[in-house]
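**Student:** Structure for the following, please:
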Amino acid sequence: MVTHRNLARGTTRRRPGLGRRRYVELRSRPVHTGTTPRRRSAGSIDAVKLSPPWRKALLTLHVITAVGWLGIDLVLLTLGVAGSNGADPDVVYPATALVGQTVFVPLSVLAWLVGVASALLTPWGLVRHRWVLVKLVITTVMLGAVLFALLPNLQAAELGAATPQDARQGLLAAPIVSSTLLVVATVLSTYKPWGRRSGRRAA
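**Tutor:** Numbers count the residues shown, from 1 in each chain. Below you'll find the predicted structure:
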């Protein structure tokens, strides 16, 4: 052993006859402290670590898209109720088609992508916590329903008074279900129940 480490004082004594350059090289080497390397957390990307400002920016975008998703959903629900209560179908249903196709559908995709990114790029992880996993399932089911069930009804609503009856019913039922699920997802985000799947708490 070339050098002797004084653990009590934290110093390194130079061995007699050791060259200065070699001594400096040995002096600059990191000392093993016995710490365990940080484990890769399940459902998160350790290779990409966001700085606190970027994490706050991502969180802000996540909140904005989630609130916008719920807000536009309530607008569609209001239009659906108005249409079922006898409002002018040539006004209500084209407006529903316009809001739904230009705002709600793209926002649904964006909100889902931002939510997944917020889980992957932060210590929460995507599958580490049960409430995050449940939220992922809820929003994924919602996104599939928007793209494959609601979107055809929105396209049919462009017909106005000629909108088929089943499409009208779908335009009323879909916002009721999706609004309820979004409220459940919001409650999960607020209370964060059930703890971690791995038994450790996120930093």
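
**Student:** Quick one: the strands in the chain, in order.
**Tutor:** For the chain, the strands defined by DSSP state E cover 4-6, 11-13.

**Student:** looking at the ones you listed, which has the lowest confidence?
**Tutor:** The minimum mean pLDDT among the strands of the chain belongs to strand 4-6 (a mean of 46).

**Student:** could you list every residue that touches the spatially most central residue of the chain?
**Tutor:** Of all residues in the chain, the one closest to the mean position by CA atoms, centre = their mean is residue 115, 1.7 Å from it. Applying CB atoms under 8 Å, 6 or more residues apart in numbering to residue 115 gives the contacts 62, 65, 66, 135, 136, 139. C-beta: built from backbone N, CA, C; applies to glycine.

**Student:** Between all of those residues, which two are separated the most?
**Tutor:** Taking CB to CB as the measure, these span a maximum distance of 15.0 Å, between 65 and 136.

**Student:** ok, so of the contacts of residue 115, who is nearest residue 104?
**Tutor:** residue 65 (11.9 Å).

**Student:** name the helices or strands packed onto the longest helix out of those in the chain?
**Tutor:** Longest helix of the chain, by residue count under DSSP state H: helix 52-84. Here helix 52-84 touches helix 89-99, helix 105-120, helix 165-191, going by 3 or more CB pairs under 8 Å, 6 or more residues apart in numbering; DSSP states H and E.
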